[in-house]
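>>> build the 3D model from these lines:
(2 chains)
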Amino acid sequence: MTIENPRPALQAVAVSAGYRRRRRHPAITVLRDVHLAARPGELIALIGPNGAGKSTLLRTLVGAQPPLAGHVLLDGQDLATLSPRQRARRLAVTLTEPVDVGQMSVEAVVALGRMPYRSWIGREKARDRAAVDRALLDAGVVDLRERPLTDLSDGERQRVMVARALAQEPAVLVLDEPTAFLDVARRIEFAAMLTRLAATTGAAIVLSTHDLGFALRRADQVWLVGGDGTVTAGAPEDLAYGDAVTRTFTGENMSFDDAAATIVVADTTEPGATVQVIADGRLRQWAEHAVRRAGWEPTADPCGHILTVEHGTPCRWTVNGAQGVGFDALVTHLRSNTAPLPENARTA
Amino acid sequence: MAGLFALLVVLVLGAVVVLVAQGSIAVPIGDVLRILTGQDVESPVSRTIVLDARLPKVVAGLLAGAALAVGGAQMQTLFRNPLADPFVLGVSSGAILGAAVVILGTSGVGWLSGLGVVSQLGVTGAAVAGAGGVLLIALGIARRVGDPVVVLVVGVMLGYLAGAVVDMLVYYTDPDRLQALATFTRGSVRNVTWNELQVVAASCAVVLGLSVFLAQPLNALLLGDRYAGSLGINVRRVHFLSLAGVAVLSGITTAYCGAIGFVGLAAPHLARGLLRTADHRVVLPASALIGAVIVLVAEYVAGGNGLTRTSLPLNSVTAFVGAPVILWVLLSGRARRQA
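Residues are numbered from 1 along each chain as shown, chains lettered A, B, ... in the order given. The predicted model follows:
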């Protein structure tokens, strides 16, 4: 065992995953011969199209359903041989299902995470309180500790559920679509928190997500569930540079945009007239965006048409002598003026 | 919180003393206290009235209230439904059906007091089985449907069905045995004797005591079954133990005191509202105390006060507490959110 390659916290060895519709019916195999390893401190994104088997894989990895073949190892021990309590001390989850605990403070909810360490009537020990305090701190919800869970926003609740999972002091933290209900800002905050948690707690964090950009930018490792029963594991760059991501996600008229690290609608429109855009910095960026939206082609070089945009909110623009305010008006103007083009520009 | 608990205990004790003192013959409260604490009093009649006539019904009421309230609190968590309770979901009707089958089906004359310990156990066992049967059906439906209001309607229907079967049994039965059933469906603690109390008290005390062990797993169940499972809780075992406990509590209570409605529903809500927590380690004991107070007060109003000659069924009194709580829960939207 070396520092570069410590023993995986969670490992799937030749796992086949699937489910039975009914007892004694033949099992339906969704994923075959899956090999995966999550090392301590790694942030791993599980991605894949709907119906590819993300949930099945996740449920198998946390022991909610037994693998049809192969083994899931938690800290080197077969998950199937661990008691529920032993498992709960090493593996914590957050689920997508909404939680309604009635009147219960954040602190009380987080303290539920200590249950695997307590007897059925056991009192809280100093060690339990310390773990709860640290979990509240790590998840950034210390200020909320007295508040009832019902009063919190979606983003705050999600953090509290993470704190509850951290109170279990797990070696592996599995989050099922944790960012699904969060707005952009909360999503970015949450992602930053996870990166920090992976580093500070040393837990391996596995999360499923539909956010491809997030997975490729933030994760140390991506587990890509293809629609064909395979799971490809690798660094985000390897999967993006190779064709794995493109092959799995792009449908008709879509392509993978390397700069944005996301799938975009393929640009199949005929380029319209070209216009020289005179503006700088971010203004130029968005002016070109507006020009493209109107079906024109922006350029920096002199051509038949000149668009000048001046700073201001909203901005002022001049196109071939016509003036206006705001990009909305600009797009409208450009769209209605596709007719007076230089000769032969739109012969196609 | 300790203060509130102390207040509840004082309320329960106060209710016990008042209920023992008042009645067709009033016993001075000083005498009551002396008799209850084992000291001598001048009048042996007072002693007989207090110990043999009134104390059994008061103890029965206290235990019934505590049992129904703890059963209701557990059901509300198990069903993930704020409106669950033994009476509303037809569990009490199931118990009556079970008891009725044995009472009307066996020879010998009806009411429990006329039966020996063995037949008492038979009727009680049948009541517990009936309660358990309805619980299983209701829980099975609740897991499929989810919407608390639909489950509520289903429970009411199950209650009607059980009641209809009881009615049919009654129709084909010798009128002599019917007197036994009349009290059954309306709820009363007045017919309980010390002999019967041995069974009720022992079983209720055991099950109430055991429910302490369920408090923490029930807390985990508040998060949902999957979360509870991820915390190392054996969800099926907790469900089974809790359901068995509820069946015993409501079955026995119904067998001896008849169907007492709404206590199991109202007491846990009052407990959560007063103590501002959903933690079962607090809610279960607090519900037990509040349930006891509700039944004792209801018994006082229903006829234990000695001021009126008539005696009402307990159900008509407890409905005054329970129905507003149901309405409050429905209108405040908690029922909807839990769906």
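>>> give me the neighbour count for the nearest residue to A:L91 once chain neighbours are set aside.
Nearest residue to A:L91, sequence neighbours excluded (Cβ to Cβ, 6 or more residues apart in numbering or on different chains): A:V172, at 4.8 Å. In short, each C-beta sits where N, CA and C put it, glycine included. Using other Cβ atoms under 10 Å in any protein chain shown, A:V172 has 23 neighbouring residues.
>>> so A:V172 touches A:L73, yeah?
No: the criterion here is Cβ atoms under 8 Å, and A:V172 misses it with A:L73 at 10.6 Å.
>>> identify the contacts common to those two.
Counting by Cβ atoms under 8 Å, 6 or more residues apart in numbering or on different chains, the residues touching both A:V172 and A:L73 are A:L10.
>>> quick check: B:G159 touching B:G90?
Yes: assessed by Cβ under 8 Å, B:G159 is found in contact with B:G90 at 3.2 Å.
>>> settle it for me: which of those two has more neighbours?
Remark: of B:G159 and B:G90, B:G90 carries more neighbours, 27 against 23, as counted by other Cβ under 10 Å.
>>> which residues touch that one?
Neighbour list for B:G90: B:134, B:138, B:155-162 [criterion: Cβ under 8 Å, 6+ apart].
>>> which residues of the chain score low on pLDDT?
All of this refers to chain A. Low-confidence segments of chain A (pLDDT under 70): A:1-5, A:120-122, A:266-271, A:338-348.
>>> could you do chain B instead?
Scanning chain B for pLDDT under 70 picks out B:105-120, B:146, B:148, B:174, B:176-187, B:304-310, B:333-339.
>>> nearest residue to the middle of it?
Nearest residue to the geometric centre of chain B (Cα atoms, centre = their mean): B:L68, 2.8 Å.
>>> can you report how many residues lie near the closest residue to chain B within the stretch 1-150 of chain A?
The minimum distance from the stretch 1-150 of chain A to chain B, using Cβ to the nearest Cβ, falls at A:A88 (3.3 Å). If you count neighbours by other Cβ under 10 Å, A:A88 ends up with 23.
>>> what's the answer for A:V184, then?
Neighbours of A:V184 (other Cβ under 10 Å): 8.
>>> contact residues of the stretch 201-348 of chain A facing chain B?
Counting by Cβ under 8 Å from any Cβ of the partner chain, the stretch 201-348 of chain A comes close to chain B at no residue.
>>> show me where the stretch 201-348 of chain A has strands.
Under the criterion DSSP state E, counting those that start in this stretch, the stretch 201-348 of chain A contains strands at A:204-208, A:221-225, A:231-234, A:254-257, A:262-265, A:274-278, A:297-299, A:305-310, A:316-319, A:322-325.
>>> now tabulate those in JSON lines and tack on mean neighbour count.
Below are these laid out as JSON lines (neighbours: other Cβ atoms under 10 Å in any protein chain shown):
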{"stretch": "strand A:204-208", "mean neighbour count": "26"}
{"stretch": "strand A:221-225", "mean neighbour count": "25"}
{"stretch": "strand A:231-234", "mean neighbour count": "19"}
{"stretch": "strand A:254-257", "mean neighbour count": "15"}
{"stretch": "strand A:262-265", "mean neighbour count": "14"}
{"stretch": "strand A:274-278", "mean neighbour count": "19"}
{"stretch": "strand A:297-299", "mean neighbour count": "15"}
{"stretch": "strand A:305-310", "mean neighbour count": "18"}
{"stretch": "strand A:316-319", "mean neighbour count": "18"}
{"stretch": "strand A:322-325", "mean neighbour count": "13"}
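>>> mind checking which of these is nearest B:T193?
The closest of the strands of the stretch 201-348 of chain A to B:T193 is strand A:204-208. By Cβ to Cβ, the value is 62.9 Å.
>>> give me the angle between that closest one and strand A:221-225.
With axes from the mean of the first three to the mean of the last three Cα atoms, to 10 degrees applied, the angle from strand A:204-208 to strand A:221-225 works out at 40 degrees.
>>> packing partners of strand A:204-208?
Applying 3 or more Cβ pairs under 8 Å, 6 or more residues apart in numbering or on different chains; DSSP states H and E, one finds that strand A:204-208 contacts strand A:43-47, helix A:54-61, strand A:172-176, helix A:184-201.
>>> right, I'll leave it there.
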